[in-house]
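**Student:** could you work out the structure for the sequence below:
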Amino acid sequence: MTSASASSRKALSKIATNRLQKELMEWQVNPPTGFKHKVTDNLQRWVIEVHGAPGTLYSNEVFQLQVDFPEHYPMEAPQVIFVPPAPLHPHIYSNGHICLDILYDSWSPAMTVSSVCISILSMLSSSPAKQRPADDERYVKNCRNGRSPKETRWWFHDDKV
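**Tutor:** Numbers count the residues shown, from 1 in each chain. The predicted model follows:
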């Protein structure tokens with residue numbers, strides 16, 4: 001078990017629980033366009049359907065995101081991955097890990113699940129080609145045994161996609 005797996009099993013703090021309940025209520029009233037929260041009784045793990053935006057490479061395609069919230073959310077970013085099969089995209093690995101700075105270095109407690117989802121949909125929508133990252137095979141091989149994407153030292157160098 002990795003350290004990220006162990007820490008994700010810790011119960012949510014009172015602040016995290018209150019924040020997530022508030023976000024969930026807001027989501028039910030005004031969900032972001034193109035997304036559907038799959039209702040479960042687990043506040044610490046959300047499964048969200050992502051519908052590709054019309055007029056993009058991903059139009060009429062549906063994917064699933066898994067969002068795992070750490071004990072100290074929103075002070076710490078959630079872990080967000082695509083449930084395989086992940087979309088073919090230059091910043092999405094075949095194991096579902098997403099190379100997007102707001103999920104790691106640029107996380108802010110002001111961000112919400114909705115704002116993260118909108119950023120992911122924007123990233124998908126702006127892709128000029130359906131392809132895996134150049135280092136997909138090597139990266140996925142190194143992630144065996146349950147390594148969290150939060151344990152990766154991401155290199156954010158491509159802001160075009």
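**Student:** what's in contact with the helix or strand hosting M123?
**Tutor:** Assigned by DSSP states H and E, M123 belongs to helix 113-125. Here helix 113-125 makes contact (Cβ atoms under 8 Å, 6 or more residues apart in numbering) with 23, 26-27, 31-32, 34-35, 46, 48, 50, 52-53, 56-58, 65, 67, 78, 80, 87, 89, 91, 98, 100, 102-103, 161. In short, each C-beta sits where N, CA and C put it, glycine included.
**Student:** could you rerun that using 6 Å?
**Tutor:** Contact partners of helix 113-125, identified using Cβ atoms under 6 Å, 6 or more residues apart in numbering, comprise E23, P32, G34, F35, A53, T56, Y58, I102.
**Student:** tell me how many other residues crowd the closest residue in space to the fourth one that isn't next to it in sequence.
**Tutor:** Nearest-residue entry for F35: C117, 5.1 Å, with adjacent residues in sequence omitted and distances by Cβ to Cβ, 6 or more residues apart in numbering. The number of residues packed near C117 is 23, by other Cβ atoms under 10 Å.
**Student:** can you give me the helices in this structure?
**Tutor:** According to DSSP state H, the chain carries its helices in the segments 3-8, 14-29, 113-125, 136-142.
**Student:** what's the most buried one of these?
**Tutor:** Mean neighbour count (mean count of other Cβ atoms under 10 Å) peaks for helix 113-125 among these, with a mean of 19.
**Student:** CA atoms only: put it into CSV for me.
**Tutor:** Output of helix 113-125 as CSV, limited to C-alpha atoms (Å, rounded to 0.1, in the frame of the first residue of the first chain):
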residue,chain,number,x,y,z
VAL,A,113,-14.9,19.9,-7.9
SER,A,114,-17.0,21.9,-10.5
SER,A,115,-14.0,24.1,-11.4
VAL,A,116,-11.7,21.1,-11.7
CYS,A,117,-14.2,19.4,-14.0
ILE,A,118,-14.6,22.4,-16.2
SER,A,119,-10.8,22.7,-16.5
ILE,A,120,-10.6,19.0,-17.5
LEU,A,121,-13.3,19.4,-20.1
SER,A,122,-11.5,22.5,-21.4
MET,A,123,-8.3,20.5,-21.7
LEU,A,124,-10.1,17.8,-23.6
SER,A,125,-11.9,20.2,-25.8
